[in-house]
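Q: dropping the sequence and predicted coords here.
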Amino acid sequence: CSGHGTCENVKTLAHWDYENIYKLWDEQATMGCKCDGGWTGYDCSEKICKYGADPLYQDSFQTIRYANWTYSIVTTDTTVVDGSVVGNYSLTFTDAVGETWRTGPIDIAATCVDLVAAFEAIPNDVIPADSMLCHKWTNDYLYTESTARYEPVDTSSFAKMFAKYTIAFPSNPGATFDLNIDHRLDGNRATLYTNEVTSTLKWYIYNDGFYGESTDYAPDLCEGVVATINHVDNGYEQYDYLDHLTEAEMKLLKKCLGDADGDSTNQADEVYNWDYGSRTNPHLIKLIDATQDDKQYVDADATHSIPNKYSISYLCNPNLGYAENVPKNDMCKRLDPPGFYAAIYYNATIVANGITGRFRLFSRPSAYYDSETPFHIYTSQGYLNLVSEYTQAFNTWGDEDVATEFFTDDVLSNTLYTTSRATGTTRDGLDCETATTGQECLKKDDLMMVFNTGLPYLDIPSTDHPVLDDKKYASNPVYSQIYKVKKIGNEPIPQPKYTKTSAATPASGSYPSHIRHQIKLDKSVNARFHWHAEVNNHQRDTSASVFKFYPPSNAYEYAGQCSMRGICDTNNGLCNCFGGFTGDNCQRIDALAA
């Protein structure tokens, strides 16, 4: 492996890839290279060049999505007194070229200034100076609320927070691997610990809709359309929808959305050549905050303008100070905020403000934005398809609403479970190996999304469904995520782990066979989808539906080696930039550069 990797058998390589299983005859005979970070090729002989974002990608409206994580250090014993967690830890992450980096020790009581200093101290200018953003949470609930409201998941009944941060890296584009906490900085001795007799220390690490990516799956700006997000709660159901669209903008958006199901011959509206979208085939869009488009001129020259308004955020650079004249003194102006994905469909029966039709969302961005915040809309030629109407997905389960009665180990993890609905065709797993001919299915490296569409686990004749009541609506994330399937299969029943609470056996009294069918994803699920099997309390069921995403043919790869504007010399890992581009990763535009 050219001295830049290790030679391993195929069984070991599969295990290192999200614990996949390879059990064919050559599992010990076929060999391959596991390359060190920064190296690639079948023999690990090619040096990877520095990553960057295409300097021609971002414009007046389009923005870059970059790595963003929230991590929370907790105890699962909620009665532990304040100050019970002491010591320090380090954070590790793997960058877009596969190299793993580690910070120095970080104290449990560290400020954002301390956290930024720890990351900027990583060698090789991995985190450029004054580029990292950070917010330290005072409480484990939304900072914009006067009363406690938890996002993306309420963990207050089964975890007590001792430290929580959100961190982002605008100067590190590209798909990055999950952040990790190392709490053993002295050999096998824990350097972060509690004073409990039996430690219940734990941490959650997750993206909440924002994460590093290399490819834009919704790259098409719908020109001339700016929408806001509003919320409906009519006592029967709740949903968010696109608002403040004029009749002309509605027509433009319909034309931009186009096909929703991969079949261009069945368009619902031939005038604008588009599909309405539905609960089984919603449209994928990307929304980008357009607040800063409101300009003010600094002199008589119309080209000399600055934003009159800014997006305001708690995620700031603590070394550059905070903004003046904002709601709170720990907030800052947020220029060029990254966009977020959403799935929508058109309901033609609603008439509002004199306009027929309304675009409904399967997410809840109204939790973070007021009804006057404007958004640019980007659409996708790709499409979403419900994998199975007979299969529900979940990451917690149990027959009661109290913490001791439902199982929570997989909250904010990258694991989803699937099981058949109580009525209809039996289909517990969504994998292609067990799917019948013609059935939609998932395999490794497929893209998928997951939403609660109102489809219940139990069919209750006395209720109308699918309906997003308050619990089902609240189970959906504020910001939707596109996941990549890393492993899907039928796992052995882990009896020692899953029989310790009554939640292991909802309404059955037997071993929990319902958690055998699992999907491992490339990132944590930023929602709690709860499977509830009791007929008398069926409203507590918030299990969800899985959608396979077929990416568009024009998906735009905007982050990569040499910022997509040069050729990588794999002998030395240096970029040979195209004319007009310069820098060690070709990210700067220079008209004089040859």
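A: Happy to help now that I have it.
Q: what is the neighbour count of residue 121?
A: Counted with other C-beta atoms under 10 Å, residues neighbouring residue 121 total 11. In this view, the C-beta of every residue, glycine as well, is placed from N, C-alpha and C.
Q: and the end-to-end length of stretch 260-268?
A: End-to-end distance for stretch 260-268: 10 Å, by C-alpha to C-alpha, to the nearest Å.
Q: stretch 180-194 too?
A: Using C-alpha to C-alpha, the two ends of stretch 180-194 sit 19 Å apart.
Q: only the buried residues of that stretch, if you could.
A: 183, 185, 191, 192, 193, 194 (16 or more other C-beta atoms under 10 Å).
Q: how about the residues you listed, which pair is most distant?
A: The largest separation in the buried residues of stretch 180-194, counting by C-beta to C-beta, is between 185 and 194 at 16.3 Å.
Q: helix or strand with the lowest mean pLDDT in the protein?
A: Within the chain, confidence by mean pLDDT, DSSP states H and E is lowest for helix 495-498 among all helices and strands, at a mean of 52.
Q: for residue 450, helix, strand, or coil?
A: Secondary structure state of residue 450, per DSSP: H, G, I helix; E, B strand; the rest coil, is strand.
Q: for the one 5 residues further on, same thing?
A: Residue 455 falls in the coil class when you classify it by three-state DSSP.
Q: show me where the stretch 401-550 of the chain dips below the pLDDT cut-off.
A: Where the stretch 401-550 of the chain drops to pLDDT under 70, the residues are 401-407, 460-465, 493-514, 535-536.
Q: quick one, what contacts residue 10?
A: Counting by C-beta atoms under 8 Å, 6 or more residues apart in numbering, residue 10 makes contact with 22, 26, 27, 30, 31, 32.
Q: quick one, phi psi at it?
A: The phi/psi pair for residue 10 (degrees, to the nearest 10) reads phi -70, psi -30.
Q: from the buried residues of stretch 180-194, which is closest to residue 469?
A: Distance ranking of the buried residues of stretch 180-194 against residue 469, using C-beta to C-beta, places residue 194 first at 38.7 Å.
Q: what about the closest one, distance to residue 201?
A: Distance, residue 194 to residue 201, using C-beta to C-beta, to the nearest Å: 5 Å.
Q: tell me, what's touching the two both at once?
A: Common contact partners of residue 194 and residue 201 (C-beta under 8 Å, 6+ apart): 75, 85.
Q: on that earlier part again, and the next element down the chain from the least confident helix or strand of the chain?
A: strand 517-521 (DSSP states H and E).
Q: give me the helices and strands touching that following strand, please.
A: Strand 517-521 sits against strand 415-420, strand 483-490, with contacts defined as 3 or more C-beta pairs under 8 Å, 6 or more residues apart in numbering; DSSP states H and E.
Q: may I see these organised as TSV, with mean neighbour count and distance to residue 280 added?
A: Output for these, formatted as TSV (neighbours: other C-beta atoms under 10 Å; distance: least, C-beta to C-beta, whole Å):
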stretch	mean neighbour count	distance to residue 280
strand 415-420	22	17
strand 483-490	18	19
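Q: so which of these comes closest to residue 167?
A: Among those, the nearest to residue 167 by C-beta to C-beta is strand 483-490 (21.1 Å).
Q: that closest one: how far from the chain's middle?
A: Its chain's C-alpha centre and that of strand 483-490 lie 16 Å apart, by C-alpha atoms, centre = their mean, to the nearest Å.
Q: CA atoms of that strand as CSV?
A: Output in CSV follows, covering the C-alpha atoms of strand 483-490 (Å, rounded to 0.1, in the frame of the first residue of the first chain):
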residue,chain,number,x,y,z
TYR,A,483,-29.0,10.8,4.5
LYS,A,484,-26.7,8.2,2.9
VAL,A,485,-27.4,4.6,3.7
LYS,A,486,-24.2,3.0,5.1
LYS,A,487,-25.6,-0.3,6.2
ILE,A,488,-29.1,-1.9,6.0
GLY,A,489,-30.0,-5.4,7.2
ASN,A,490,-31.7,-7.8,9.6
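Q: please list the residues outside it that contact it.
A: When contacts are defined by C-beta under 8 Å, 6+ apart, strand 483-490 is touched by residues 17-21, 414, 428-431, 433-434, 442-450, 516-523, 525.
Q: of these, grab the buried ones for ChimeraX.
A: Of these, the buried ones can be selected in ChimeraX as follows, counting by 16+ other C-beta under 10 Å:
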select :20,414,428,429,430,431,442,444,446,447,448,449,450,516,517,518,519,520,521,522,523,525
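Q: burial count for the residue nearest to residue 45 when sequence neighbours are not counted?
A: In space, residue 45 comes closest to residue 2 once its chain neighbours are excluded; the distance is 4.2 Å by C-beta to C-beta, 6 or more residues apart in numbering. By the criterion of other C-beta under 10 Å, residue 2 has 14 neighbours.
Q: got it, and residue 31?
A: Residues lying near residue 31 (other C-beta under 10 Å) number 13.
Q: and it, how far from residue 380?
A: 40 Å.
Q: do the same with residue 346
A: Counting by C-beta to C-beta, the gap from residue 346 to residue 380 is 15 Å.
Q: in the chain, which helix has the most residues?
A: Assignment by DSSP state H gives helix 247-257 as the longest helix of the chain.
Q: for that helix, what is the distance to the chain centroid?
A: For helix 247-257, the distance to the chain centre is 28 Å (C-alpha atoms, centre = their mean).
Q: can you check stretch 478-496 too?
A: Centre-to-centre, stretch 478-496 and its host chain are 14 Å apart (C-alpha atoms, centre = their mean).
Q: hang on, residue 589 packs against residue 578?
A: No - at 10.6 Å, residue 589 does not count as touching residue 578 under the criterion of C-beta atoms under 8 Å.
Q: if you count what's nearby, which of those two comes out ahead?
A: Neighbours were counted for residue 589 and for residue 578 using other C-beta under 10 Å; residue 578 has more, 16 against 13.
Q: from residue 562, how far off is that one?
A: To residue 562, residue 578 is 9 Å away according to C-beta to C-beta.
Q: which neighbours do these two share?
A: residue 586.
Q: coming back round to it: next up, the contacts around the residue nearest to residue 45.
A: Counting by C-beta under 8 Å, 6+ apart, residue 2 has contacts 39, 41, 43, 44, 45.
Q: tell me the spacing between it and residue 237.
A: Going from residue 2 to residue 237 by C-beta to C-beta gives 59 Å.
Q: in the stretch 51-200 of the chain, which spans are strands?
A: With DSSP state E, counting those that start in this stretch as the criterion, the stretch 51-200 of the chain has strands at 51-53, 66-75, 85-94, 100-102, 106-107, 133-136, 160-173, 180-182, 192-194.
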